[in-house]
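Enquirer: Give me coordinates for this.
(2 chains, ligands or ions: 2)
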Amino acid sequence: MWRRALRAGLGVRGMATNKKKSPVPPKEVDGKTRFDLRPFDPFLIDSPTPYAYSDQSELLEYFRIMYRMRRMEIAADNLYKGQQIRGFCHLYDGQEAVAVGMDAVLTFEDPLITAYRNHCQMLSRGSNVKEILAELTGRYAGVSKGKGGSMHMYNRKNNYYGGNGIVGAQVPLGAGLAFALKYEKKANIAVTMFGDGAANQGQIAEAINMAVIWKLPILFVCENNQYGMGTSALRASATQDFYKRENYIPGLKMDGMDVLAVREGMKFAKEYAINSGPLYIEMDTYRYHGHSMSDPGVTYRSKDEINDIKKSRDPIDRVKERLIEQSWSTAEDLKAIEKEIKIEVDEAAAFSKVADAPPVETLYHHIYHETFPIRGTLLNNGTRVGFSST
Amino acid sequence: MLGKKRRRKLSSVPEAVTATKRMNLCAAVNDALRITLKKDDSSIVFGEDVAFGGVFRCTSELREQFGRNRVFNTPLSEQGIVGFAIGYAAMNCTAVAEIQFADYIYPAFDQIVNEAAKYRYRSGGMFNVGGLTIRAPCGAVGHGGHYHSQSPEAYFCHTPGLKVVMPRDPIRAKGLLLSSIRDPNPVIFFEPKILYRSVVAEVPVEDYTIPLETAEVVRPGKDVTLIGWGAQVNVLMETAQLAEAKGVSCEVIDLVSLLPWDAETVVESVKRTGKAIVSHEAPITNGFGAEVAATIQEHCFYNLEAPVRRICGFDTPFPLVHEKYYLPNKWRCVEAVFDLVAA
Ligand SMILES: Cc1ncc(C[n+]2csc(CCOP(=O)(O)OP(=O)(O)O)c2C)c(N)n1
Ligand SMILES: [Mg+2]
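Expert: Ligands and ions are numbered 1, 2, ... in the order given. Next up is the predicted model:
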């Protein structure tokens, strides 16, 4: 019964829901409790209804994962400050609900590709904190054997295609992933993620056009965290309604700071993409840290702005409050979980400092299918192709 | 190509310098841009986050001084940035576009190679984009990894119609950037970002230019000629010092401009020394060193006492943790010097 109610609410093909105010669904269905969500903003499609049903164990699980993500990013921050992580490192704290809400709907059979702010996607695709932090510190035990670093993490087995340092470049790849699914007649979708800044790269328009003409099962997920480096979306984009940008692809904007909203939105979106083709999703979210570790993040926005969002929209607090409101957990219960996770992350961080570096010869591994001959990789820039260069 | 002999010392940094100021390379670039904005009404400076100073602060305070119509942020759209700059330059105006890292210049590759470089040629000289200068920070910084470390100069040196320039210190950075901006051809100006803050010099405060296409003998010597550009010149200077301690005298040449490049200065030197090493950070195969080596063998064949050597980055993507093995550091260079003198 509640399933039917939800399905009607989804309005995938029903297309009837939002015009007349649909009656508020029951408080409890099948042992799950209704939570009210910020209404969705649809474009060229019907909207999912702004309700989610959940229970104690689900919310506790979301809390755990999001808190683990948060701690992991804080650990990365510290490792960076201790110069254990070098180079470029972009943290995800503030945006956890997006990764977790999406993961609640997607399976590992739904290929996922994103940009460089990707540590938490990696976690949600079946990796663990230990091998992620070890990748950040460039260790052989890292997810990419220490060769990728912060921006480049992958999981072949679980259809996670990275991890991409070049802004926007991953988006057309997503269309290719989706075409493969369609070709193989799989009931899965590809998801390609990018930021509000990346949305301005021409490649995104090119990819969307292809996806629409070929009706690919793909979600273009724009994580609008309001800033692309130091430039606010207000200044970089001609419209703030990313989900309405192209008048030939339907869109859906959702509260990216609420894991339940993301989950419900994604449920709707996945079904839509499988049946009807591409959809442009906009996650309304926020990053707490600066763009990368070299950006303090407070020159182009005020501390008040950050603190206000932390106070009013924090995705972890949101789940905590719901758990406490429903008397499903006490503040002490949650503290205990936090403590446990903190230990897990601390251990991973300690490991990431002492694990072995990749062997030197991996410098010239993974360039081609064959390891040899690669020219110019001997110390004297010589080759292994039958003559010595000196 | 190897016509008249044009050997010069410290190029045309003003001889009777009136006043200087201590500047790092970043400040020197900023100073050149400030002079440009002041003197050339048509000039505009733009790129990702440029209005706030850019990620390296090279454009700091320019917006405050010259206004938001002349110093501005662009969306994150490299192809768009360069295409826009080409259009503006085609109107006989001065466009100084910043590509945040040279690693991000590739989305604009088509605009640079097919539009900017060929506009004059394909319009029979009716149009040109001489007012276009593209600034891009390049090179290794110690820990930049794949996408914050590349040296893509060779790709552009394969393109007639472009000029490609790379300074080695703040004094050259200012003079060469001013020359690049005023040069009536599109110029790509690569700034070795490791030098932004690490190298400080007494830079003349006045407006001056340094000729493009003119190599500079940075250190005279008689046994081996070492050729490089950008930050690698400093590595070659250290190499020369190490060699000198063992009694080997190296001449160090900074190519300064890669396209076109000053073959005369190089050939003249190698004819004297009979030995040459070219060194660059970019991967060895098809790096610009190959062009230099080929030219040397063509013009100095009977003077060469040993094969021309290239000490360069390896043919691998720019590595994350293995940067120190990848780079052609002074030890690899000096080993090549000793190889050559032993040959
Ligand atoms: C082609 C390219 N241009 C520029 C950059 C430098 N850069 C990295 S992230 C970024 C901002 C991207 O902002 P957004 O898409 O909103 O993603 P967010 O960082 O907010 O997650 C820029 C300019 C890059 N990595 N690649
Ligand atoms: Mg953003």
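Enquirer: going forward, measure contacts between C-alpha atoms and count neighbours the same way
Expert: Fine.
Enquirer: Report the secondary structure element holding residue 164.
Expert: Using chain A. Assigned by DSSP states H and E, residue A:164 belongs to no helix or strand.
Enquirer: try chain B instead
Expert: Assigned by DSSP H and E, residue B:164 falls in strand B:163-165.
Enquirer: neighbouring strands for that strand, and are they parallel or not?
Expert: Note on strand B:163-165: by DSSP bridges, its sheet partners are strand B:187-192 (parallel), strand B:257-259 (antiparallel).
Enquirer: I'd like the average pLDDT over the longest one.
Expert: When you say that, I think you mean strand B:187-192. Strand B:187-192 carries an average pLDDT of 98.
Enquirer: Tell me the helices and strands packed up against the following helix or strand past that strand.
Expert: Remark: after strand B:187-192, the chain's next helix or strand is helix B:195-198, criterion DSSP H and E. Based on contacts counted as 3 or more CA pairs under 8 Å, 6 or more residues apart in numbering or on different chains; DSSP states H and E, the elements that helix B:195-198 packs against are strand B:20-24, helix B:25-39.
Enquirer: Give me the contacts around stretch A:238-255.
Expert: Here stretch A:238-255 makes contact (CA atoms under 8 Å, 6 or more residues apart in numbering or on different chains) with A:38-45, A:47, A:196, A:199, A:208, A:212, A:222, A:233-234, A:261-262, A:265, A:278-285.
Enquirer: Sort out for me which of those residues are in helices.
Expert: Residues from these lying in helices, with DSSP state H as the criterion: A:208, A:212, A:233, A:234, A:261, A:262, A:265.
Enquirer: Tell me which stretches of the stretch 151-300 of chain B form helices.
Expert: B:153-157, B:170-182, B:195-198, B:232-245, B:263-273, B:288-300 (DSSP state H, counting those that start in this stretch).
Enquirer: Quick one: these as a markdown table, columns for mean neighbour count, distance to ligand 2 and mean pLDDT too.
Expert: Listed next are the helices of the stretch 151-300 of chain B as a markdown table, based on neighbours: other CA atoms under 10 Å in any protein chain shown; distance: least, CA to the ion, whole Å; pLDDT from 0 to 100:
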| stretch | mean neighbour count | distance to ligand 2 | mean pLDDT |
| --- | --- | --- | --- |
| helix B:153-157 | 19 | 30 | 98 |
| helix B:170-182 | 26 | 32 | 98 |
| helix B:195-198 | 18 | 27 | 97 |
| helix B:232-245 | 20 | 36 | 98 |
| helix B:263-273 | 21 | 47 | 98 |
| helix B:288-300 | 18 | 37 | 98 |
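Enquirer: Kindly give a single PyMOL line that selects the buried subset of the contacts of stretch A:238-255.
Expert: In PyMOL syntax, the buried subset of those is picked out as below (16 or more other CA atoms under 10 Å in any protein chain shown):
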select buried, chain A and resi 40+41+42+43+45+47+196+199+208+212+222+233+261+262+265+278+279+280+281+282+283+284+285
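Enquirer: Up against chain A, what does chain B have?
Expert: Counting by CA under 8 Å from any CA of the partner chain, the residues of chain B close to chain A are B:49, B:52, B:73-80, B:104, B:143-145, B:147, B:283-285, B:310-317, B:319-322, B:332, B:336.
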